[in-house]
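Q: Structure, please.
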Amino acid sequence: MAKLPGKRPSESEMTTARLMMPTDANVLGNVFGGAIMRYMDEIAAIVAWRHAGKNVVTASIDRMSFYAPVYVGNLLILKAAVNFVGTTSMEIGVRIEAQDPSTRKGTHTSTCYLTYVALNEKGKPTPIPPLVLTTAEEKRRFKEALARRKLREAERAVLKAD
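A: Numbers count the residues shown, from 1 in each chain. As a prediction, this is how the structure comes out:
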């Protein structure tokens, strides 16, 4: 099998904004965590798809912590990029901010890491382009993603042993 040409994270990274509406929130105007997670999975899947150039599925979502609330009327700013690529899987990091559209004041509300697997036409895992790292920031994110991957593998080994 021919080796796929590498891609830089910037070739697939993405930033999007969504206005938080009453349908995203409870009766007091606090946006549901599940609504935020949906939008997070959506942008991460697009980034993974753009990198792989083929269908992808969510394999795992690392721990999701919410640092600050998001309210109806806020803009939810989602920034996503590929952090790590294996043979058929990749980690996408998503940074989420809530912004008041009037003042443009933003608050970092959460960060999450999602793993996606690329699938071929038969629905089986398939190789994806390697990641080409050029900046210090890309190399740092790759190194941190590799550490998270090793933790996930160790956890799977412990659970499998039981």
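Q: Go through stretch 114-131 and flag the buried ones.
A: 114-119, 126-129, 131 (16 or more other CB atoms under 10 Å). C-beta here means a position set from N, CA and C on the backbone, and glycine is covered the same way.
Q: Mind putting these into CSV with pLDDT and secondary structure?
A: Compiled in CSV, those are given as follows (pLDDT from 0 to 100; DSSP: H, G, I helix; E, B strand; the rest coil):
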residue, pLDDT, secondary structure
Leu114, 97, strand
Thr115, 97, strand
Tyr116, 98, strand
Val117, 98, strand
Ala118, 98, strand
Leu119, 98, strand
Thr126, 97, coil
Pro127, 97, coil
Ile128, 97, coil
Pro129, 97, coil
Leu131, 96, strand
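Q: Where does the prediction get shaky in this structure?
A: 1-2, 162 (pLDDT under 70).
Q: For Arg104, state which of the buried residues of stretch 114-131 is nearest.
A: Closest approach to Arg104 among the buried residues of stretch 114-131 (CB to CB): Leu114, at 27.7 Å.
Q: That closest one contacts Ser60, correct?
A: Yes - using CB atoms under 8 Å, Leu114 is in contact with Ser60, at 7.1 Å.
Q: those strands in the chain, which residues are they?
A: In the chain, the strands defined using DSSP state E lie at 14-19, 56-61, 65-66, 75-85, 89-99, 106-118.
Q: Among those strands, which comes closest to Phe142?
A: strand 75-85 (5.5 Å).
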